[in-house]
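Visitor: Show me the folded form of this:
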Amino acid sequence: MSMRRIGSRQYNQVQIQTANRGKLIVMLYQGAIRNLNLAVSHIDQGDMEGKGNALIRAQDIVLELLFALDQQMLDDGNELALNLQRLYLYAYRRLIAANLQVDRKIVEEINTLLTRLLAAWESVVSGEAGADQQADQPAGVTLTG
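Guide: Modelled structure (predicted):
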């Protein structure tokens, strides 16, 4: 492994460790979208192993987003948290189907969904950047660790 790659990996680890919770959610969305784009590229190239790996990484990230939801808010019936839970479960199921069926259209559908959610999260995070500690935890989400 090159020194540049090691340095990049270390930088990414530091970036993740120091990011606030809202930024971490944004980074998860960005990672999922990056993997969905890779999956489409692999499908177009006929690389089924690459497609499978990229979709599994995207599925794992969607599960992380699901696990980041605030359980108390879900238990209390918070509409935003429940809607996000439904969307994440839907996206996860669709990505499994896309992987099994090698279906580019499903990958693109979920990419569009996550891209829209990313835009909303980026708006939340940038709007909270000047706020006190509330910027650390957007509504309906906690990060477990």
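
Visitor: Just give the closest residue to residue 109, not the sequence neighbours.
Guide: residue 94 (6.7 Å; CB to CB, 6 or more residues apart in numbering). Yep, even glycine has a C-beta here, placed from its N, CA and C like the rest.

Visitor: How about the secondary structure of the one you found?
Guide: Three-state assignment for residue 94 (DSSP: H, G, I helix; E, B strand; the rest coil): helix.

Visitor: Is it in contact with residue 111, as I believe?
Guide: No: counting by CB atoms under 8 Å, residue 94 sits too far from residue 111 to count as a contact (10.6 Å).

Visitor: State the distance from residue 51 to residue 103.
Guide: Distance from residue 51 to residue 103, counting by CB to CB, to the nearest Å: 10 Å.

Visitor: Now for the residue nearest the centre of the chain: which residues touch it?
Guide: Per CA atoms, centre = their mean, the C-alpha nearest to the average position across the chain is that of residue 29, at 3.0 Å. By CB atoms under 8 Å, 6 or more residues apart in numbering, the residues touching residue 29 are 61, 65, 114, 117, 118, 121.

Visitor: What of residue 93?
Guide: With CB under 8 Å, 6+ apart, residue 93 has no contacts at all.

Visitor: any weak-confidence spans in the chain?
Guide: Low-confidence segments of the chain (pLDDT under 70): 1-19, 129-145.

Visitor: cutoff 80 now
Guide: Applying pLDDT under 80 to the chain flags the ranges 1-19, 128-145.
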